[in-house]
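Visitor: Sequence and predicted model, in that order:
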Amino acid sequence: MLAQKSCYRRLAERQGVVRPFEILSRMPAESRSVIAETLRVQLREENAEAQAWRILNRNLRGLQARTHHLPEQLTPFYRNNNWWDIVTRTARRLKVPFYPGNKDEEVERLLFDHMAHQFVIGLAGSDVEELDQLAASHPEIEAAMQSLSLSDDGRRAILSALALAQTPSGKLREGLGKAADWITDWGRGAWSVSVCSGLRALKQKLTEIYGALSSRSFSRSDGNLSRVSAALAAIFLQDLIEKTLDEYEAMGA
(Lines give C-alpha, C1' and ligand atoms only; values in the text may rest on other atoms or scores of the structure.)
Protein backbone atom coordinates (compact mmCIF):
# COMPACT_ATOMS: atom_id res chain seq x y z
CA MET A 1 0.00 0.00 0.00
CA LEU A 2 1.32 3.41 -0.93
CA ALA A 3 2.00 5.77 1.95
CA GLN A 4 -0.53 8.56 2.22
CA LYS A 5 0.77 11.98 1.26
CA SER A 6 0.95 14.50 4.05
CA CYS A 7 -1.12 17.66 3.86
CA TYR A 8 2.11 19.65 3.44
CA ARG A 9 3.21 17.53 0.50
CA ARG A 10 -0.18 18.06 -1.16
CA LEU A 11 0.09 21.81 -0.62
CA ALA A 12 3.61 21.83 -2.09
CA GLU A 13 2.37 19.96 -5.17
CA ARG A 14 -0.59 22.29 -5.56
CA GLN A 15 1.60 25.39 -5.37
CA GLY A 16 4.45 24.13 -7.53
CA VAL A 17 7.19 24.02 -4.89
CA VAL A 18 7.74 20.26 -4.59
CA ARG A 19 11.47 20.40 -5.39
CA PRO A 20 12.50 22.76 -2.56
CA PHE A 21 9.96 21.14 -0.24
CA GLU A 22 11.57 17.73 -0.68
CA ILE A 23 15.10 19.09 -0.28
CA LEU A 24 14.20 21.03 2.87
CA SER A 25 12.30 18.06 4.31
CA ARG A 26 15.27 15.70 4.11
CA MET A 27 17.81 18.23 5.41
CA PRO A 28 19.11 17.88 8.95
CA ALA A 29 17.03 19.97 11.35
CA GLU A 30 20.06 22.17 12.06
CA SER A 31 20.33 23.14 8.39
CA ARG A 32 16.64 24.00 8.20
CA SER A 33 17.13 26.17 11.27
CA VAL A 34 19.95 28.11 9.58
CA ILE A 35 17.81 28.74 6.49
CA ALA A 36 14.82 29.73 8.62
CA GLU A 37 16.96 32.13 10.62
CA THR A 38 18.33 33.60 7.39
CA LEU A 39 14.75 34.32 6.26
CA ARG A 40 13.67 35.36 9.77
CA VAL A 41 11.11 32.59 9.83
CA GLN A 42 10.44 31.25 13.30
CA LEU A 43 10.21 27.46 13.30
CA ARG A 44 7.98 25.66 15.72
CA GLU A 45 8.59 22.24 17.19
CA GLU A 46 7.08 20.54 14.18
CA ASN A 47 8.07 17.64 11.97
CA ALA A 48 10.43 18.13 9.04
CA GLU A 49 7.69 18.59 6.42
CA ALA A 50 5.86 21.18 8.50
CA GLN A 51 9.07 23.14 8.95
CA ALA A 52 9.90 22.88 5.23
CA TRP A 53 6.46 24.21 4.34
CA ARG A 54 6.81 27.07 6.82
CA ILE A 55 10.14 28.13 5.25
CA LEU A 56 8.47 28.23 1.85
CA ASN A 57 5.04 29.56 2.73
CA ARG A 58 5.33 31.76 5.84
CA ASN A 59 3.41 34.99 5.37
CA LEU A 60 5.69 37.92 4.41
CA ARG A 61 8.88 36.01 5.26
CA GLY A 62 8.82 32.67 3.44
CA LEU A 63 10.46 32.26 0.05
CA GLN A 64 7.17 32.57 -1.80
CA ALA A 65 6.23 35.85 -0.12
CA ARG A 66 9.72 37.36 -0.26
CA THR A 67 9.75 37.04 -4.06
CA HIS A 68 6.36 38.69 -4.61
CA HIS A 69 6.23 42.15 -6.11
CA LEU A 70 4.78 44.82 -3.84
CA PRO A 71 1.32 44.93 -5.53
CA GLU A 72 1.11 41.15 -5.14
CA GLN A 73 1.96 41.41 -1.44
CA LEU A 74 -0.94 43.80 -1.01
CA THR A 75 -3.40 41.58 -2.90
CA PRO A 76 -4.67 38.81 -0.58
CA PHE A 77 -6.05 36.69 -3.42
CA TYR A 78 -2.93 36.71 -5.60
CA ARG A 79 -1.51 33.22 -6.13
CA ASN A 80 1.70 32.24 -4.37
CA ASN A 81 4.89 32.00 -6.42
CA ASN A 82 5.89 28.55 -7.63
CA TRP A 83 9.54 27.46 -7.63
CA TRP A 84 10.19 28.69 -11.18
CA ASP A 85 8.83 32.11 -10.19
CA ILE A 86 11.03 32.18 -7.08
CA VAL A 87 14.31 31.36 -8.81
CA THR A 88 13.74 33.38 -11.99
CA ARG A 89 12.52 36.49 -10.18
CA THR A 90 15.58 36.31 -7.97
CA ALA A 91 17.79 35.93 -11.04
CA ARG A 92 16.21 38.96 -12.70
CA ARG A 93 16.62 41.09 -9.59
CA LEU A 94 20.28 40.10 -9.39
CA LYS A 95 20.67 40.67 -13.15
CA VAL A 96 21.79 37.06 -13.62
CA PRO A 97 21.06 36.11 -17.26
CA PHE A 98 19.26 32.86 -18.02
CA TYR A 99 17.32 31.34 -20.90
CA PRO A 100 13.55 30.75 -20.63
CA GLY A 101 14.22 27.13 -21.58
CA ASN A 102 16.54 26.55 -18.61
CA LYS A 103 15.46 24.07 -15.96
CA ASP A 104 14.95 25.17 -12.37
CA GLU A 105 18.20 23.51 -11.32
CA GLU A 106 20.14 25.33 -14.04
CA VAL A 107 18.89 28.71 -12.84
CA GLU A 108 19.69 27.68 -9.26
CA ARG A 109 23.27 26.91 -10.33
CA LEU A 110 23.57 30.32 -12.01
CA LEU A 111 22.35 31.95 -8.80
CA PHE A 112 24.78 29.95 -6.69
CA ASP A 113 27.68 30.89 -8.96
CA HIS A 114 26.65 34.56 -8.77
CA MET A 115 26.48 34.47 -4.98
CA ALA A 116 29.82 32.65 -4.81
CA HIS A 117 31.45 35.26 -7.06
CA GLN A 118 30.13 38.08 -4.88
CA PHE A 119 31.43 36.25 -1.83
CA VAL A 120 34.89 35.74 -3.30
CA ILE A 121 35.40 39.25 -4.74
CA GLY A 122 35.03 40.54 -1.19
CA LEU A 123 38.21 38.66 -0.24
CA ALA A 124 41.73 39.98 -0.53
CA GLY A 125 43.80 38.60 -3.39
CA SER A 126 46.14 36.96 -0.92
CA ASP A 127 43.17 35.22 0.71
CA VAL A 128 42.11 33.79 -2.65
CA GLU A 129 45.64 32.50 -3.16
CA GLU A 130 45.49 30.86 0.27
CA LEU A 131 42.21 29.18 -0.64
CA ASP A 132 43.66 27.82 -3.89
CA GLN A 133 46.73 26.59 -2.00
CA LEU A 134 44.51 24.83 0.53
CA ALA A 135 42.70 23.02 -2.28
CA ALA A 136 45.95 22.10 -4.00
CA SER A 137 47.37 20.73 -0.75
CA HIS A 138 44.34 18.47 -0.17
CA PRO A 139 43.46 16.81 -3.50
CA GLU A 140 40.99 14.47 -1.80
CA ILE A 141 38.66 17.36 -0.91
CA GLU A 142 39.42 19.17 -4.17
CA ALA A 143 38.40 16.04 -6.11
CA ALA A 144 35.10 15.92 -4.22
CA MET A 145 34.40 19.57 -5.06
CA GLN A 146 35.46 19.06 -8.69
CA SER A 147 32.83 16.32 -8.92
CA LEU A 148 30.16 18.97 -8.24
CA SER A 149 31.10 20.82 -11.49
CA LEU A 150 31.06 24.18 -9.75
CA SER A 151 32.86 27.28 -10.97
CA ASP A 152 36.25 28.17 -9.48
CA ASP A 153 34.56 30.80 -7.31
CA GLY A 154 31.92 28.28 -6.30
CA ARG A 155 34.60 25.97 -4.92
CA ARG A 156 36.42 28.90 -3.31
CA ALA A 157 33.20 30.07 -1.63
CA ILE A 158 32.63 26.61 -0.12
CA LEU A 159 36.22 26.42 1.13
CA SER A 160 36.13 29.93 2.56
CA ALA A 161 32.80 29.25 4.29
CA LEU A 162 34.22 26.03 5.69
CA ALA A 163 37.23 27.97 6.97
CA LEU A 164 35.16 30.78 8.49
CA ALA A 165 32.98 28.23 10.26
CA GLN A 166 36.05 26.86 12.09
CA THR A 167 36.79 30.05 14.00
CA PRO A 168 34.62 32.39 16.10
CA SER A 169 36.91 35.32 15.26
CA GLY A 170 35.61 35.51 11.68
CA LYS A 171 39.17 35.85 10.41
CA LEU A 172 39.68 33.84 7.26
CA ARG A 173 43.43 33.28 7.73
CA GLU A 174 42.87 31.72 11.13
CA GLY A 175 40.02 29.63 9.79
CA LEU A 176 42.07 28.35 6.87
CA GLY A 177 44.59 26.79 9.22
CA LYS A 178 41.84 25.10 11.20
CA ALA A 179 40.12 23.93 8.02
CA ALA A 180 43.41 22.39 6.86
CA ASP A 181 43.70 20.62 10.21
CA TRP A 182 40.15 19.30 9.89
CA ILE A 183 40.78 17.99 6.36
CA THR A 184 44.00 16.31 7.51
CA ASP A 185 42.29 14.71 10.52
CA TRP A 186 39.41 13.56 8.34
CA GLY A 187 41.81 11.97 5.84
CA ARG A 188 43.59 10.08 8.61
CA GLY A 189 40.36 8.85 10.13
CA ALA A 190 38.63 7.85 6.89
CA TRP A 191 38.48 4.12 6.16
CA SER A 192 39.33 4.96 2.55
CA VAL A 193 39.78 8.30 0.81
CA SER A 194 37.68 8.70 -2.34
CA VAL A 195 35.34 11.13 -4.05
CA CYS A 196 32.48 9.53 -2.10
CA SER A 197 34.20 9.93 1.24
CA GLY A 198 35.07 13.54 0.38
CA LEU A 199 31.46 14.29 -0.52
CA ARG A 200 30.27 12.68 2.71
CA ALA A 201 32.70 14.86 4.65
CA LEU A 202 31.40 18.00 2.91
CA LYS A 203 27.82 16.92 3.52
CA GLN A 204 28.51 16.68 7.24
CA LYS A 205 29.76 20.27 7.20
CA LEU A 206 26.88 21.76 5.20
CA THR A 207 25.12 23.35 8.17
CA GLU A 208 28.32 25.21 9.08
CA ILE A 209 28.88 26.18 5.45
CA TYR A 210 25.33 27.57 5.18
CA GLY A 211 25.79 29.60 8.34
CA ALA A 212 29.05 31.16 7.14
CA LEU A 213 27.71 31.92 3.64
CA SER A 214 24.56 33.48 5.07
CA SER A 215 26.36 35.62 7.64
CA ARG A 216 28.58 37.20 4.96
CA SER A 217 26.01 37.56 2.17
CA PHE A 218 23.65 40.25 3.40
CA SER A 219 23.91 43.53 1.50
CA ARG A 220 22.86 46.81 3.01
CA SER A 221 21.15 47.87 -0.21
CA ASP A 222 18.72 44.94 -0.36
CA GLY A 223 18.68 42.71 2.69
CA ASN A 224 15.63 40.81 1.42
CA LEU A 225 17.31 39.85 -1.84
CA SER A 226 20.45 38.78 0.01
CA ARG A 227 18.44 36.58 2.37
CA VAL A 228 16.57 34.93 -0.50
CA SER A 229 19.83 34.37 -2.41
CA ALA A 230 21.49 32.74 0.60
CA ALA A 231 18.50 30.42 1.15
CA LEU A 232 18.39 29.41 -2.52
CA ALA A 233 22.14 28.74 -2.52
CA ALA A 234 21.78 26.45 0.50
CA ILE A 235 18.89 24.52 -1.06
CA PHE A 236 20.80 24.10 -4.33
CA LEU A 237 24.02 22.99 -2.65
CA GLN A 238 22.25 20.47 -0.42
CA ASP A 239 20.60 18.81 -3.40
CA LEU A 240 23.73 18.97 -5.56
CA ILE A 241 25.92 17.22 -2.99
CA GLU A 242 23.27 14.58 -2.24
CA LYS A 243 22.68 13.77 -5.92
CA THR A 244 26.37 13.73 -6.78
CA LEU A 245 27.11 11.46 -3.83
CA ASP A 246 24.34 9.07 -4.91
CA GLU A 247 25.78 8.95 -8.44
CA TYR A 248 29.31 8.20 -7.27
CA GLU A 249 28.12 5.60 -4.75
CA ALA A 250 26.21 3.88 -7.55
CA MET A 251 29.46 3.75 -9.55
CA GLY A 252 31.41 2.54 -6.52
CA ALA A 253 33.80 5.50 -6.77
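Guide: In hand now; what should we look at? Numbers count the residues shown, from 1 in each chain.

Visitor: the strands in the stretch 101-250 of the chain, which residues?
Guide: For the stretch 101-250 of the chain, applying DSSP state E, counting those that start in this stretch gives no strands.

Visitor: can you list the weak-confidence ranges in it?
Guide: Applying pLDDT under 70 to the stretch 101-250 of the chain flags residues 187-193, 217-222.

Visitor: And the helices in it?
Guide: 104-121, 125-137, 139-146, 152-164, 172-189, 195-204, 206-217, 223-251 (DSSP state H, counting those that start in this stretch).

Visitor: Spatially nearest residue to residue 199, not counting backbone neighbours?
Guide: Excluding the flanking residues, the one nearest residue 199 by C-beta to C-beta, 6 or more residues apart in numbering is residue 245, at 4.3 Å. Just so you know, the C-beta spots here come from the backbone N, C-alpha and C atoms, and that holds for glycine as well.

Visitor: Count the residues that sit near that neighbour.
Guide: Burial measure for residue 245: 22 neighbouring residues, criterion other C-beta atoms under 10 Å.

Visitor: From what I see, it and residue 206 are in contact.
Guide: No: using C-beta atoms under 8 Å, residue 245 makes no contact with residue 206, being 11.5 Å away.

Visitor: nearest residue to residue 186 other than its sequence neighbours?
Guide: Per C-beta to C-beta, 6+ apart, closest to residue 186 is residue 201, 5.2 Å.

Visitor: let me fix that: residue 164
Guide: residue 212 (4.2 Å).

Visitor: Who are the contact partners of that neighbour?
Guide: 160-162, 164-165 (C-beta atoms under 8 Å, 6 or more residues apart in numbering).

Visitor: Tell me the spacing between it and residue 6.
Guide: 32 Å (C-beta to C-beta, to the nearest Å).

Visitor: And residue 166, by the same measure?
Guide: From residue 166 to residue 6 the distance is 37 Å (C-beta to C-beta).

Visitor: Tell me which of those two has more neighbours.
Guide: For residue 166 versus residue 6, neighbours defined as other C-beta under 10 Å are more numerous around residue 166 (19 against 14).

Visitor: For the more buried one, give me its contacts.
Guide: Applying C-beta under 8 Å, 6+ apart to residue 166 gives the contacts 175, 178-179, 182, 208.

Visitor: just curious, which of those is nearest to residue 134?
Guide: residue 179 (6.7 Å; C-beta to C-beta).

Visitor: from memory the closest one sits against residue 158, does it?
Guide: No: Residue 179 is beyond contact range of residue 158, at 10.6 Å (criterion: C-beta under 8 Å).

Visitor: More neighbours: which of those two?
Guide: More crowded of residue 179 and residue 158, by other C-beta under 10 Å: residue 158, with 28 against 25.

Visitor: which SS state does residue 33 fall under?
Guide: helix (DSSP: H, G, I helix; E, B strand; the rest coil).

Visitor: what's the burial count for the nearest residue in space to it that is not next to it in sequence?
Guide: Sequence neighbours aside, residue 43 is the residue nearest to residue 33 in space, at 6.4 Å (criterion: C-beta to C-beta, 6+ apart). Applying other C-beta under 10 Å, we find 17 residues neighbouring residue 43.

Visitor: Would you mind listing the residues in contact with residue 43?
Guide: 32-33, 36, 51, 54-55.

Visitor: ok, and the most crowded of these?
Guide: Of the contacts of residue 43, with other C-beta under 10 Å as the count, residue 55 tops at 26 neighbours.

Visitor: Secondary structure class of residue 100, three-state.
Guide: Applying three-state DSSP: residue 100 is coil.

Visitor: pLDDT at it, what is it?
Guide: Note for residue 100: predicted pLDDT of 85.

Visitor: so what's residue 50 closest to, chain neighbours aside?
Guide: residue 8 (6.0 Å).

Visitor: Could you do residue 52 as well?
Guide: Nearest to residue 52 is residue 24, by C-beta to C-beta, 6+ apart, at 3.6 Å.

Visitor: Distance-wise, check the one you found relative to residue 36.
Guide: Applying C-beta to C-beta to residue 24 and residue 36 gives a distance of 9 Å.
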